[in-house]
Every structure is written in structure tokens, then in C-alpha cells.
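*Asks:* only the shape, not the letters, is given here:
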């Protein structure tokens with residue numbers, strides 16, 4: 001397809017607006033439309049980027065001047081939007097998780113195959129420079145194969161209580177766990193054959209959010225490696241970072257430790273903080289330089305250059321299958 005690819009963004013929450021910024025900035029595409037249920041938000045974002053604004057995603061699907069659609073709706077609302085866009089022959093970029101049900105993930109994979117479009121899931125951490133360095137390290141014969149690992153990805157309780165109006169329809173298992181499930185499958189270059197999980201509920205429920213508080217997951221891979229994953233939405237609000245994360249990997253010939261919380265500065269004013277590297281805004285020289293924009297650019301490159309995406313619907317389906325197994329394990333013991 002000749003560029004620029006004409007793109008629409010459906011869902012204009014905090015992350016959807018980051019999508020709009022990224023697509024508007026990239027030279028190989030044009031942001032031509034945005035869509036959200038909030039009319040004031042649609043008007044504001046459409047005005048900022050000089051594009052069309054819609055409140056019904058079906059209008060995006062029927063707009064023949066749109067080639068590709070980025071779906072950044074709440075976790076539980078990806079499926080219907082994706083079905084409409086694939087049925088209309090649009091290329092689709094979908095925030096993780098792909099969906100929250102296995103049958104829906106299987107249907108999207110089949111729709112994507114029949115539509116013969118580029119369909120990609122935003123497992124953005126595969127573009128993180130440190131995780132790419134780790135992937136290269138564990139892929140060396142001198143390091144691997146991997147034996148075992150551990151990864152934690154948790155959020156301060158302010159995220160489900162103050163940031164996400166739809167937190168009760170998701171949970172840390174859908175909002176956070178997809179990131180580290182995908183990373184570990186990528187690092188181990190394998191798929192789990194066994195899943196076991198333990199979890200806790202009650203803290204968020206007392207605040208009116210019907211969600212799991214935290215869980216630990218043990219994945220055993222087909223070739224024998226294993227890893228423990230930990231996720232939580234109840235890190236105290238006074239923690240220095242809204243994200244609490246750590247990674248450990250052990251291979252036959254090496255060990256890797258990575259603490260992404262401390263890769264930036266430590267700033268103390270009224271309290272100690274580990275600030276996020278800015279996302280959703282340009283740097284001091286007017287450029288977008290965070291790794292989070294790279295998957296969106298890769299999506300456009302795949303459309304323009306006619307290549308398969310690195311994180312397609314098959315990877316999204318595997319991710320959903322694993323987390324579905326986590327939920328069954330939590331419920332059944």
C-alpha cells in the first residue's frame with residue numbers, strides 16, 4: 001500500500017490519546033479520524049489534530065477513506081470494535097489484551113486471516129531497548145537455554161481507583177499480566193504447557209472496585225523451563241513510582257537482573273519519586289522518543305511494506321489462552 005496510510009483511533013482515554021499523537025507524528029501515515037463516546041473529548045482531540053471526529057465506531061468502519069484503525073478502548077470492549085473493523089477490511093492495531101475470552105480471540109484470528117489485513121497487538125515491551133538487549137543476551141548459545149525466571153509488574157492502587165473508571169471490568173490479570181506473559185514467552189521462545197495461580201481479593205472491593213487485588217502465576221514451558229509471574233493493583237499509593245517491576249532470568253550459562261523502576265532519575269521534593277520517562281508528550285526538542293511509539297510505527301511499516309507484524313493475532317490468542325488458564329486455576333485451585 002502506498003503511504004501515507006490513513007488511520008483512525010477508536011478510544012480516546014489516556015492511552016488512546018497517546019495513539020493519536022503517535023500516528024499524527026509518523027510521516028508514513030495520516031491521522032484522519034478519532035472516535036470516542038465522550039463528545040467533548042472527541043471534539044477536543046479532533047480539533048487538536050485537524051481530523052474528523054466520530055462517536056460511533058460503526059461510522060469509522062464504514063468510512064472508506066480510513067485504511068487502518070487503532071483500538072484503544074477499555075480492555076473488555078476490544079472485541080466488537082475489532083470485529084467491525086476486520087469485517088470492513090481495515091487493518092487493525094489493538095491494545096493488549098487482544099480480548100478477555102478465548103472464543104473471541106479465536107474468532108478474531110480467523111477473521112484476520114480471511115480479511116488478509118495487517119492485524120497487530122500492542123505488546124509494547126518488545127520494543128523497550130532494555131528488553132531487546134535481554135532478548136539478544138538470552139538467545140546466545142553461551143547463555144541459554146533458560147532454566148527459570150521471575151517477573152513482577154504491579155501498579156500503585158491509584159491506578160484502579162483513580163485512573164481507570166472501568167477497573168471493575170478488568171483487573172491486574174488483564175491490564176498488567178499480558179505484558180509479562182508475552183515477555184516471558186518471548187524470552188523463553190516457548191509456550192507454556194502448564195499454568196498454576198494463587199490470588200487475593202478484598203482490598204479493592206472495599207473501595208468499590210470488583211477486581212482481583214494481586215496474584216502469582218507459575219508457568220511451565222513445553223521444553224521444561226519455568227517462570228513465576230507476579231502482578232498487583234494494590235501497591236501503596238505512597239510508593240515512589242506508579243509502576244513496581246523487576247525481572248530475573250537464569251540460563252545454563254548466565255543470569256540477568258533488571259529493575260525498570262530505577263532506570264530514570266530519583267527526585268525528592270515533598271516525597272521521593274522515580275518519575276516516568278514522559279509518555280504522551282514530545283521531548284524538549286519536539287520529538288517523540290519513547291519506545292511506546294515504536295509498535296504503532298511498526299504497524300504502519302507492516303502495512304506499507306507488505307510484511308507480517310511481529311505481534312499478530314496468533315500471539316494475542318496465545319496470551320489470552322494463558323491468562324484464561326490463570327483464571328481457571330484461581331477459581332479451581
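*Replies:* Cool, the structure landed. Values in this document were obtained by computation on a predicted structure and should not be read as measured data.
*Asks:* okay, CA-based contacts and neighbour counts for the rest of this
*Replies:* OK.
*Asks:* the stretch 51-200 of the chain: helices as residue ranges?
*Replies:* 57-62, 78-87, 102-115, 129-138, 158, 172-175, 177-188 (DSSP state H, counting those that start in this stretch).
*Asks:* what separates the last one from the chain centre, distance-wise?
*Replies:* This points to helix 177-188. 11 Å (CA atoms, centre = their mean, to the nearest Å).
*Asks:* looking at the helices of the stretch 51-200 of the chain, which is closest to residue 150?
*Replies:* The minimum distance between residue 150 and the helices of the stretch 51-200 of the chain falls on helix 177-188, with 8.9 Å, by CA to CA.
*Asks:* who touches that closest one?
*Replies:* Applying CA atoms under 8 Å, 6 or more residues apart in numbering, the external contacts of helix 177-188 come out as 96-97, 123-126, 134-135, 138-139, 145-146, 151-153, 191-192, 225, 227, 229-231, 319-320, 322-323.
*Asks:* how long is stretch 280-291 end to end?
*Replies:* In stretch 280-291, first residue to last residue: 11 Å (CA to CA, to the nearest Å).
*Asks:* pLDDT averaged over that stretch, what's the number?
*Replies:* The average pLDDT within stretch 280-291 is 88.
*Asks:* of all the residues in that stretch, which ones are buried?
*Replies:* 280, 288, 290 (16 or more other CA atoms under 10 Å).
*Asks:* so the first one sits right up against residue 18, yeah?
*Replies:* Yes: if you go by CA atoms under 8 Å, residue 280 and residue 18 touch, sitting 4.9 Å apart.
*Asks:* give me the most central residue, this structure.
*Replies:* residue 96 (3.7 Å; CA atoms, centre = their mean).
*Asks:* correct me if wrong: that one contacts residue 121.
*Replies:* Yes: if you go by CA under 8 Å, residue 96 and residue 121 touch, sitting 6.1 Å apart.
*Asks:* any shared contact partners between these two?
*Replies:* In contact with both residue 96 and residue 121: residue 316, using CA under 8 Å, 6+ apart.
*Asks:* let's have the helices of the stretch 51-200 of the chain in a markdown table, adding mean pLDDT.
*Replies:* Output for these, formatted as a markdown table (pLDDT from 0 to 100):
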| stretch | mean pLDDT |
| --- | --- |
| helix 57-62 | 98 |
| helix 78-87 | 98 |
| helix 102-115 | 97 |
| helix 129-138 | 97 |
| helix 158 | 96 |
| helix 172-175 | 98 |
| helix 177-188 | 98 |
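*Asks:* and these as TSV, adding mean neighbour count and distance to residue 28?
*Replies:* Formatted as TSV, these follow (neighbours: other CA atoms under 10 Å; distance: least, CA to CA, whole Å):
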stretch	mean neighbour count	distance to residue 28
helix 57-62	20	20
helix 78-87	20	21
helix 102-115	18	22
helix 129-138	15	23
helix 158	16	37
helix 172-175	23	30
helix 177-188	22	27
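*Asks:* quick one: closest of the ones you listed to residue 254.
*Replies:* Short answer: helix 129-138, nearest of the helices of the stretch 51-200 of the chain by CA to CA, at 8.3 Å.
*Asks:* now do stretch 292-302: everything it contacts.
*Replies:* Counting by CA under 8 Å, 6+ apart, 5, 19, 22-23, 26, 28-29, 93, 118, 120, 122-125, 127-128, 279, 307-309 sit against stretch 292-302.
*Asks:* repeat for stretch 52-71
*Replies:* Counting by CA under 8 Å, 6+ apart, 5-11, 16, 19, 32-39, 42-43, 46, 78, 81-82, 84-85, 88, 90-95 sit against stretch 52-71.
*Asks:* stretch 239-250 now?
*Replies:* Counting by CA under 8 Å, 6+ apart, 146-156, 158-159, 235, 255-261, 271-276 sit against stretch 239-250.
*Asks:* stretch 128-144 now?
*Replies:* 125-126, 145-146, 186-187, 251-254, 256, 291-292.
*Asks:* again with stretch 146-165
*Replies:* 138, 167, 172, 176-177, 180, 188, 207, 209, 224-237, 239, 241-252.
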